[in-house]
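[1] okay, sequence plus prediction incoming.
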Amino acid sequence: GENVEQHPSTLSVQEGDSAVIKCTYSDSASNYFPWYKQELGKRPQLIIDIRSNVGEKKDQRIAVTLNKTAKHFSLHITETQPEDSAVYFCAATSDTGRRALTFGSGTRLQVQP
Amino acid sequence: NAGVTQTPKFRVLKTGQSMTLLCAQDMNHEYMYWYRQDPGMGLRLIHYSVGEGTTAKGEVPDGYNVSRLKKQNFLLGLESAAPSQTSVYFCASSTWTSGNQETQYFGPGTRLLVL
């Protein structure tokens, strides 16, 4: 089955700096890669996703890049703000087999004001 | 439109007791999932369902059972709770269109403590 590794496990940045979180996946059939943000005590919420037919996607301060050859994808947050502080999860799935997301172990992002 | 809801929000059980967690969605999604979340381990799939009347095992199914008698409901059962099942349980639902997964929505979670 799919295995998703996520790094780093914790990340501390100064407000206004950029943050990058990286994930690698094992199943070359995976074709959908969402990123979820989870605030303390809340449910995970989708912030951006990318499909295998594109290499990059942006939404305001957030971008995701995908390298299918190397089987890794990354989340980039620019101009970080204190409200970006949360745990971020990457995930992967394919339209074959289980059709269920496999999640990374999460990155706790702390934005220092 | 409530999205995905879960009942109860919090529960304390003694070892050996049983309970059922209820998940409901009003988005007409075919796929429903149960995950558990433990510190430092992300979200791990327990069981899932691809449609009414179907269930399948995920990564960590031992000690749990599920049922999907109605499309909008997905029940997770613990027959004999163990301290190792102390966790936060999340239900989720999604749909697939032309072989592509659409957004997976999560419920608010159930915090379970087994003593």
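    Noted; the coordinates are in hand. None of the values given here were measured: they were computed from a predicted structure.

[2] neighbours around residue 52, how many?
    Just so you know, I chose chain A. 17 (other C-beta atoms under 10 Å in any protein chain shown). No exception for glycine: its C-beta is placed from N, CA and C like everyone else's.

[3] ah, I was thinking of chain B
    14.

[4] do the same with B:D26
    Residues near B:D26, counting by other C-beta under 10 Å, number 12.

[5] for B:A56, which non-adjacent residue is spatially closest?
    B:Y48 (5.6 Å; C-beta to C-beta, 6 or more residues apart in numbering or on different chains).

[6] apologies, that question was intended for B:E52.
    B:K71 (4.4 Å).

[7] right, and the helix or strand after the helix or strand that contains the residue nearest to B:A56?
    Per DSSP states H and E: B:Y48 is located in strand B:43-49. Sequence order places strand B:56-57 as the next helix or strand after strand B:43-49, per DSSP H and E.

[8] chain B contacts on chain A?
    Within chain A, the positions lying close to chain B (C-beta under 8 Å from any C-beta of the partner chain) are A:1, A:6, A:9, A:31-32, A:34, A:42-46, A:49, A:51, A:89, A:93, A:95, A:98-106.

[9] what subset of those residues is buried?
    A:6, A:31-32, A:34, A:43-44, A:49, A:89, A:93, A:98-106 (16 or more other C-beta atoms under 10 Å in any protein chain shown).

[10] now intersect the residues you listed with the strands, please.
    Here DSSP state E is the test, and these give A:6, A:32, A:34, A:49, A:89, A:102-103 as lying in strands.
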